[in-house]
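Undergrad: no letters, just coordinates:
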Ligand code: GLV
Ligand code: MN
Ligand code: MN
Ligand code: MN
């Protein structure tokens with residue numbers, strides 16, 4: 001089938017286009033966090049592209065951008081295709097946006113062919129998968145799934161701005177956030193295409209993979225509290241310095257996770273010594289912990305062991321440890337019947353249907369509370385992600401778009 005445009009390759013080109021200001025907050029890198037002017041600029045561009053693809057477009061109370069391509073009958077159940085438009089700080093151009101752009105390409109192909117389906121197709125650009133501005137993540141897909149806790153709106157960014165304040169300034173509706181929730185009877189399924197963010201497909205010479213399940217994760221903030229003091233006058237033996245204690249905690253986390261099974265991984269991605277000066281013994285050290293595993297049980301056993309060690313390390317040094325759980329997401333299996341349809345779609349394209357789990361979190365894991373979900377992985381160079389060096393090929397993006405169209409054909413005939 002020829003669409004009159006380079007399906008998939010155009011999706012990649014659009015991700016590239018959004019990789020610089022005004023679609024990035026920072027010159028020379030891609031940083032596009034939730035509810036920033038860069039997020040607004042990206043939504044404006046997407047809105048135009050969605051309309052050109054034949055969709056009606058709206059924004060919901062949670063700042064999700066939703067394009068809808070009606071089916072044969074207006075108001076039919078929707079197949080939702082989506083991913084996120086936000087990025088980590090200094091991130092790559094494809095983690096998230098590629099899934100949105102591929103959705104637009106797929107709808108445009110249907111539109112240009114004059115095809116209407118027994119179901120509607122919606123494309124959603126979620127705004128907050130990464131949680132790179134506020135402490136928790138996935139607030140936009142949670143709002144759609146109807147699982148967003150009101151307390152999430154009170155979380156604050158590093159400048160002290162709350163989600164509710166930022167959302168109101170962005171044109172969203174924090175007081176009416178419940179209106180973003182979709183009813184299960186309105187939704188047929190959710191399909192997310194995403195770069196693999198790991199090295200498996202490339203190592204096996206495969207362009208695409210079918211996701212079986214998404215790993216469970218927890219986000220935890222730890223604060224080790226000591227006594228601030230003068231770096232020159234306080235003898236080593238008389239200090240209550242949380243710095244070395246934090247270092248011991250990081251080593252304990254690494255040891256416990258290295259010894260783990262079931263894909264257990266642990267990361268400390270943020271460390272802050274307070275107040276933060278050469279010549280001040282810190283009064284406190286704060287650090288984040290991101291712990292993931294294939295099952296919540298494995299993850300929780302590791303979290304319990306790490307937290308016990310943190311308390312023991314602090315006590316041994318006469319310090320105090322404060323530990324706060326910021327977010328917990330259970331493992332999320334993809335729907336077995338949709339996995340089967342995706343596998344058939346890959347076989348139809350003469351591609352091996354490699355099944356693989358996802359260690360990265362995705363909006364699909366939240367959408368699973370609303371409807372059956374499927375995920376298509378796309379090979380990325382060197383498995384590199386959350387890094388400006390993230391790269392995909394036009395050919396792989398084109399195959400992904402073809403696989404999504406074939407998936408839709410099969411869903412239609414089901
Ligand atoms: C986001 O990419 C995550 O997996 O945390
Ligand atoms: Mn990411
Ligand atoms: Mn992502
Ligand atoms: Mn992710």
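TA: Structure's in. What do you need? Keep in mind it's a predicted model, so treat the numbers as computed, not measured. Ligands and ions are numbered 1, 2, ... in the order given.

Undergrad: so what strands line up beside the helix or strand containing residue 193?
TA: Take DSSP states H and E as the rule and residue 193 turns out to sit in strand 187-195. When pairing is defined by DSSP bridges, strand 187-195 lines up against strand 78-84 (parallel), strand 373-378 (parallel).

Undergrad: of all those, which one comes closest to ligand 1?
TA: Ligand 1 lies closest to strand 78-84 among the strands paired with strand 187-195, at 8.4 Å (C-beta to the nearest ligand atom). All C-beta spots, glycine's among them, are computed from the backbone N, C-alpha and C.

Undergrad: next structured bit after that closest one?
TA: Reading on from strand 78-84 to the C-terminus, the next helix or strand found by DSSP H and E is helix 97-112.

Undergrad: what's near enough to touch residue 51?
TA: Residue 51 sits next to 57, 67 when contact means C-beta atoms under 8 Å, 6 or more residues apart in numbering.

Undergrad: run the angle between the host helix or strand of it and helix 97-112 for me.
TA: In the assignment (DSSP H and E), residue 51 maps to helix 37-52. Orientation check (axes from the mean of the first three to the mean of the last three C-alpha atoms, to 10 degrees): helix 37-52 against helix 97-112 gives 20 degrees.

Undergrad: ok, now how distant is the spatially most central residue of the chain from residue 352?
TA: For the chain, the residue nearest the mean C-alpha position is residue 129 (3.6 Å; C-alpha atoms, centre = their mean). Per C-beta to C-beta, to the nearest Å, residue 129 is found 28 Å from residue 352.

Undergrad: kindly report the same for residue 104.
TA: Applying C-beta to C-beta to residue 104 and residue 352 gives a distance of 27 Å.

Undergrad: so the two - more neighbours on which side?
TA: For residue 104 and residue 352, the more surrounded residue by other C-beta atoms under 10 Å is residue 104, and the numbers stand at 25 against 14.

Undergrad: that one touches residue 122, doesn't it?
TA: No. Using C-beta atoms under 8 Å, residue 104 is not in contact with residue 122, being 11.1 Å away.

Undergrad: looking at this, residue 159 is in a strand?
TA: No. Secondary structure of residue 159 (DSSP: H, G, I helix; E, B strand; the rest coil): coil, not part of a strand.

Undergrad: what's the pLDDT at it?
TA: pLDDT, residue 159: 97.

Undergrad: with residue 3 instead?
TA: In this model, residue 3 is scored at 90, pLDDT.

Undergrad: got it, and residue 414?
TA: pLDDT, residue 414: 89.

Undergrad: now do the helices in the stretch 251-400 of the chain.
TA: All helices of the stretch 251-400 of the chain, identified by DSSP state H, counting those that start in this stretch, fall at 296-316, 336-348, 363-367, 394-413.

Undergrad: show me what the last one is packed up against.
TA: Put plainly, it is helix 394-413. Counting contacts by 3 or more C-beta pairs under 8 Å, 6 or more residues apart in numbering; DSSP states H and E, helix 394-413 packs against helix 9-17, strand 78-84, helix 97-112, strand 187-195, strand 208-214, helix 336-348, strand 373-378.

Undergrad: which other residues reach that helix?
TA: Applying C-beta under 8 Å, 6+ apart, the external contacts of helix 394-413 come out as 1, 6-9, 11-12, 79, 81, 98, 102-103, 105-106, 109-110, 117-119, 121, 188-189, 191, 193, 207-208, 341-342, 344-346, 348-349, 351, 374, 376, 378-379.

Undergrad: hmm, back to that, overlap in contacts of residue 104 and residue 122?
TA: Joint contacts of residue 104 and residue 122 (C-beta under 8 Å, 6+ apart) are 55, 67.

Undergrad: which one is residue 282 nearest to, not counting chain neighbours?
TA: residue 273 (4.0 Å; C-beta to C-beta, 6 or more residues apart in numbering).

Undergrad: domains in the chain, by residue range?
TA: Per automatic domain parsing, the domain ranges recorded for the chain read 9-215+331-413, 216-329.

Undergrad: got TSV for those, with distance to ligand 1 too?
TA: Shown next, in TSV, are the domains of the chain (distance: least, C-beta to the nearest ligand atom, whole Å):
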stretch	distance to ligand 1
domain 9-215+331-413	3
domain 216-329	7
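
Undergrad: from those domains, which stretch is densest packed?
TA: Highest mean neighbour count of these: domain 9-215+331-413, a mean of 20 (counted as mean count of other C-beta atoms under 10 Å).

Undergrad: show me which residues of this structure sit near ligand 3.
TA: Proximity of the chain to ligand 3 (C-beta under 5 Å from the ion) is limited to residues 95, 96.

Undergrad: any weak-confidence spans in the chain?
TA: For the chain, residues meeting the criterion pLDDT under 70 lie at 1.

Undergrad: list the contacts of residue 7.
TA: By C-beta under 8 Å, 6+ apart, residue 7 lies in contact with 105, 106, 108, 109, 398, 401, 402.

Undergrad: any idea which element the residue of the chain most remote from its centre lies in?
TA: In terms of distance from the mean C-alpha position of the chain, residue 233 ranks first, at 46.7 Å (C-alpha atoms, centre = their mean). For residue 233, there is no helix or strand it lies in under DSSP H and E.

Undergrad: mind giving me JSON lines with the helices and strands packed on helix 394-413 and columns for distance to residue 246?
TA: Shown next, in JSON lines, are the helices and strands packed on helix 394-413 (distance: least, C-beta to C-beta, whole Å):
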{"stretch": "helix 9-17", "distance to residue 246": "37"}
{"stretch": "strand 78-84", "distance to residue 246": "31"}
{"stretch": "helix 97-112", "distance to residue 246": "35"}
{"stretch": "strand 187-195", "distance to residue 246": "33"}
{"stretch": "strand 208-214", "distance to residue 246": "30"}
{"stretch": "helix 336-348", "distance to residue 246": "42"}
{"stretch": "strand 373-378", "distance to residue 246": "35"}
